[in-house]
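Undergrad: sequence and predicted structure are below.
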Amino acid sequence: MNDINWVELSIFLFFFLLVTVMGFLASRWRRASALDNLDEWGLGGRGFGTFVTWFLIGGDIYTAYTFVAVPALLYAGNMVGFFAVPYTIVLYPIIFVFLPRLWSVSHRHGYVTPADFIRGRFDSKPLALAVAITGILATMPYIALQLVGIQVVLEVMGIGGQGDSWLAKDIPLFIAFAVLAAYTYSSGLRAPALIAFVKDTLIYIVIIVAVIYIPIQLGGWDVIFGSARDSFNSFNADNADAIAAGAASPKGLVPVEALHWAYASLALGSALALFMYPHSLTGVLASASRNVIRRNAALLPAYSFLLGLLALLGFMAVAAGIQVDNAQMAVPELLREMFPPWFAGVAFAAIGIGALVPAAIMSIAAANLWTRNIYKAYLNTEATPAQEAKQSKLISLVVKFGALFFVLGLPSDFAINLQLLGGVWILQTFPAIVFGLYTRWFHRYALLAGWAVGMAYGTWTAYLVEVPGDPGSHFGGSLAVVPFTEDVKGYIALTAFVINLLVAVVLTLAFRALKVPAGQDHTVPEDYKADAGDEGVEDLDVDELSTDTPTR
Amino acid sequence: MSDSRPPSGAAPSTRPTWTVVGVLLAVGAVVPLLVWMYDSETPALGGFPFFYWFQFLLIPIVSGLTFLAFKLSENATARDRAARRKQSTSGGSR
């Protein structure tokens, strides 16, 4: 167990407090007329331009995912660990294609959530409900990953992790979350947006220093990749029997041929899934025009480049001789070893805040889904705007506790599997949402059936994945053998997605032949092309929100 | 891909532009997934195995393709919108 370094801890706390105070002040920033209105609280009034939107989307990408979860895979010699880079590369073209349409139709009809859109497009409450529930469910393990990130940082700093009771172990986690919950509760999306500036500034400083300073200290990239290669080769030699028996996975720098599809499917599945999450859409809908989205698609690479370099911190930890049981502690330990305490404090603050901000955005978005598409659609159809905002605030807390459940209940040695499990679920809403943006060909009940089959297959398959070397365990990974192949492993989310799509196509043909009512489409083709300033855009009074028009 | 397909009769057509946009984006979305193209440690560059530096190189390339697609789409969208406006003023109300 590490000793507490007081310089490091003080710097960490300083930034942490700074961010908390900013969160409270954020409610005054570009103050809107009525923060009690769900639209204001949840979408920040939808007036964000390119720059703020860029920071907000960055908040979704630079999280504990990049700082802790992905480098942990590389540290552990997982051959598919670098998939996060192609994931963020193929993301730009994908965003470019469908998000502008979603922006347009949402602004025409006042849709705040994907489920709003589904209900308007397919005239189906059950399908909208399925999309809403999936969004809330899938967000929880994603927030869980952020929790693990904070936990790891605190443990490396010497806080928590001691003692045998789970309470003693996790108290710092609860403190961090109480702070997050408090400022999210008081100021909505404006808090994370403002904090993203502090966070991203810190993160850029830390990353740039880390990827220049550490390689020089270690003797260059040759040495880093060379040490990782030697270390993995000697592991493979020492554990040849276990590997042959399937009790351990071979390590390596580059995916072997059998893992090519695993690598590609993790990248593609993650990219398709990202903008199905309610929190990603919140950031997109908060942007001021559809062009902002496309411009952003071309600006995102600055994020991916650093994401890739950050991932390589995993190899740097190997080269620096960091020995940890929990691979997720490798990078924080490396930073502690290489940097003076004050800078390690800055770095840990960057990671900690970098986990808090997305957790806030995610919980707000999941709460919006609940309020609009479950509470208001079923439980209290006459809800006042004040009641809606109150529901959202409460549920954003509930979602955070749901995330805690995932941390405590599932294997969290590789928290990325939590996020990838969320991806398995959220990707099942893709056919309804994205294909729905282009065509009404799919039948609403066929989409619902496809979703159900995809969810069931994905969940069951993920449940059956064992942690390597621990027979009988569950949710141990995100890869499974693709049906009808012998040994081709793929990301479960993408396999489930294909099955989902097949079911949807076959049943659509059947329902159409049987003339099952398809429901009424409340959108028209022009809705998908509307831009800021057009007739009807930003008129949020349409049917759901009979409240104040947000101020700009 | 043809996000803003022009109404029939609008001239000049933006369809070729949208096709180019589609191709640019398709290349950007597919090439990074062709793992067999780059699953090698050699040739190394500046200490980076091929597998790693090639993917870093893909970032600015795909970004460039996307930016080009953005510029083309900006232009095509403006022309589509002008054509639609012209049509709706002569063709009645929405």
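TA: Yes, it's here. Numbering: from 1, shown residues only, chains lettered A, B, ... in the order given.
Undergrad: name the nearest residue to the residue in chain B that chain A sits nearest to, ignoring sequence neighbours.
TA: Residue nearest to chain A within chain B: residue B:47 (3.0 Å; C-beta to the nearest C-beta). No exception for glycine: its C-beta is placed from N, CA and C like everyone else's. Spatial nearest neighbour of residue B:47, chain neighbours left out: residue A:221 (3.0 Å); criterion: C-beta to C-beta, 6 or more residues apart in numbering or on different chains.
Undergrad: next one: residue A:476
TA: The nearest residue in space to residue A:476 (C-beta to C-beta, 6+ apart) is residue A:467, at 3.4 Å.
Undergrad: ok so, going back, got a list of what the residue nearest to residue B:47 touches?
TA: Counting by C-beta atoms under 8 Å, 6 or more residues apart in numbering or on different chains, residue A:221 touches A:215, B:46-48.
Undergrad: thinking again about what came up before, neighbours of the residue of chain B closest to chain A, just the number please.
TA: 16 (other C-beta atoms under 10 Å in any protein chain shown).
Undergrad: do residue A:13 as well
TA: Residue A:13: 12 neighbours (other C-beta under 10 Å).
Undergrad: go ahead and flag the most central residue of chain A.
TA: Nearest residue to the geometric centre of chain A (C-alpha atoms, centre = their mean): residue A:142, 5.2 Å.
Undergrad: got a list of what that residue touches?
TA: Counting by C-beta under 8 Å, 6+ apart, residue A:142 touches A:277, A:279, A:362, A:403, A:418-419, A:422.
Undergrad: who touches residue A:89 in this structure?
TA: A:267, A:301, A:304, B:28, B:32, B:55, B:58-59, B:62.
Undergrad: helix, strand, or coil at residue A:490?
TA: Of the three states, residue A:490 takes strand according to DSSP: H, G, I helix; E, B strand; the rest coil.
Undergrad: need the helices for chain B, in chain order.
TA: For chain B, the helices defined by DSSP state H occupy B:15-30, B:50-90.
Undergrad: can you pull the buried residues of the shortest one?
TA: Of all the residues in helix B:15-30, those buried under the rule 16 or more other C-beta atoms under 10 Å in any protein chain shown are B:17-18, B:21-22, B:24-25, B:28-29.
Undergrad: biggest separation within these, which pair?
TA: B:17 and B:29 (18.7 Å; C-beta to C-beta).
Undergrad: residue B:39 and residue A:257 touch, don't they?
TA: Yes: look at residue B:39 against residue A:257 with C-beta atoms under 8 Å: they come within range, at 7.3 Å.
Undergrad: between these two, who's got more neighbours?
TA: When residue B:39 and residue A:257 are compared for neighbours, residue B:39 comes out ahead with 18 against 9, by other C-beta under 10 Å.
Undergrad: what's the local residue count around the closest residue to the more buried one other than its chain neighbours?
TA: Counting by C-beta to C-beta, 6+ apart, residue B:39 lies nearest to residue A:254, which is 5.5 Å off, once chain neighbours are set aside. Counted with other C-beta under 10 Å, residues neighbouring residue A:254 total 18.
Undergrad: what's the spacing between the residue nearest to residue B:47 and residue A:316?
TA: Distance, residue A:221 to residue A:316, using C-beta to C-beta, to the nearest Å: 9 Å.
Undergrad: and for these two, which residues touch both?
TA: With C-beta under 8 Å, 6+ apart, residue A:221 and residue A:316 have common neighbours residue A:215.
Undergrad: now the stretch 101-250 of chain A against chain B: closest residue?
TA: Nearest residue of the stretch 101-250 of chain A to chain B, counting by C-beta to the nearest C-beta: residue A:221, 3.0 Å away.
Undergrad: same for the lowest-mean-pLDDT helix or strand in chain B, what does it pack against?
TA: Least confident element among the helices and strands of chain B, by mean pLDDT, DSSP states H and E: helix B:50-90 (a mean of 86). Using 3 or more C-beta pairs under 8 Å, 6 or more residues apart in numbering or on different chains; DSSP states H and E, the elements in contact with helix B:50-90 are helix A:84-109, helix A:290-299, helix A:301-311, helix B:15-30.
Undergrad: tell me which helix or strand of chain A sits lowest on mean pLDDT?
TA: Per mean pLDDT, DSSP H and E, bottom of the list for chain A is helix A:38-43, a mean of 50.
Undergrad: list the buried residues in stretch B:54-70.
TA: With burial defined by 16+ other C-beta under 10 Å, the residues of stretch B:54-70 counted as buried are B:54-56, B:58-59, B:62-63, B:65-70.
Undergrad: dump the buried residues of helix B:15-30 to JSON lines, plus pLDDT and distance to residue A:457.
TA: As requested, the buried residues of helix B:15-30 are arranged in JSON lines below (pLDDT from 0 to 100; distance: C-beta to C-beta, whole Å):
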{"residue": "B:17", "pLDDT": "89", "distance to residue A:457": "41"}
{"residue": "B:18", "pLDDT": "90", "distance to residue A:457": "36"}
{"residue": "B:21", "pLDDT": "91", "distance to residue A:457": "35"}
{"residue": "B:22", "pLDDT": "92", "distance to residue A:457": "31"}
{"residue": "B:24", "pLDDT": "93", "distance to residue A:457": "34"}
{"residue": "B:25", "pLDDT": "92", "distance to residue A:457": "30"}
{"residue": "B:28", "pLDDT": "91", "distance to residue A:457": "30"}
{"residue": "B:29", "pLDDT": "92", "distance to residue A:457": "25"}
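Undergrad: mind putting those residues into JSON lines with distance to residue B:82?
TA: Formatted as JSON lines, the buried residues of helix B:15-30 follow (distance: C-beta to C-beta, whole Å):
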{"residue": "B:17", "distance to residue B:82": "14"}
{"residue": "B:18", "distance to residue B:82": "15"}
{"residue": "B:21", "distance to residue B:82": "18"}
{"residue": "B:22", "distance to residue B:82": "21"}
{"residue": "B:24", "distance to residue B:82": "23"}
{"residue": "B:25", "distance to residue B:82": "24"}
{"residue": "B:28", "distance to residue B:82": "28"}
{"residue": "B:29", "distance to residue B:82": "30"}
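Undergrad: which of those are close to chain A?
TA: Applying C-beta under 8 Å from any C-beta of the partner chain, the subset of the buried residues of helix B:15-30 adjacent to chain A comprises B:24-25, B:28-29.
Undergrad: nearest to residue A:312, of those residues?
TA: Of these, the one sitting nearest to residue A:312 (C-beta to C-beta) turns out to be residue B:28, at 23.1 Å.
Undergrad: contacts only, for the closest one.
TA: Residue B:28 makes contact with A:89-90, A:92-93, B:61-62, B:65-66 under the criterion C-beta under 8 Å, 6+ apart.
Undergrad: thank you, goodbye.
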